[in-house]
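> for reference, the sequence and a predicted model appear below.
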Amino acid sequence: RYERKPEHFLAFVGIAATLICHRRLAK
């Protein structure tokens, strides 16, 4: 049985947030 692990979702959100913050700070 395949179960979705929240770890993958949290990791993706973390990376996305980092990229967004980096772009805002880069301006």
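Arrived safely, thanks for sending.

> measure residue 10 to residue 4 for me?
Here the criterion is C-beta to C-beta, to the nearest Å. By it, residue 10 lies 12 Å from residue 4. For glycine as for every other residue, the C-beta is placed from the backbone atoms N, C-alpha and C.

> more neighbours: which of these two?
Neighbour totals were compared for residue 10 and residue 4, and residue 10 leads with 10 against 7 (other C-beta atoms under 10 Å).

> and the helix or strand harbouring that one, average pLDDT?
If you go by DSSP states H and E, residue 10 is part of helix 6-26. For helix 6-26, mean pLDDT rounds to 92.

> put the alpha carbons of that helix into CSV.
Listed in CSV are the C-alpha atoms of helix 6-26, where the atom choice follows Å, rounded to 0.1, in the frame of the first residue of the first chain:
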residue,chain,number,x,y,z
PRO,A,6,4.1,14.5,4.5
GLU,A,7,7.9,14.8,4.6
HIS,A,8,8.1,15.1,0.8
PHE,A,9,5.4,17.8,0.9
LEU,A,10,7.1,19.7,3.7
ALA,A,11,10.4,19.5,1.9
PHE,A,12,8.9,20.9,-1.3
VAL,A,13,7.2,23.7,0.5
GLY,A,14,10.5,24.5,2.3
ILE,A,15,12.4,24.7,-0.9
ALA,A,16,9.7,26.8,-2.6
ALA,A,17,9.7,29.2,0.4
THR,A,18,13.5,29.5,0.3
LEU,A,19,13.4,30.4,-3.4
ILE,A,20,10.7,33.0,-2.9
CYS,A,21,12.5,34.6,0.0
HIS,A,22,15.8,34.6,-1.9
ARG,A,23,14.1,36.3,-4.9
ARG,A,24,12.6,39.0,-2.6
LEU,A,25,15.9,39.6,-0.9
ALA,A,26,17.8,39.6,-4.2
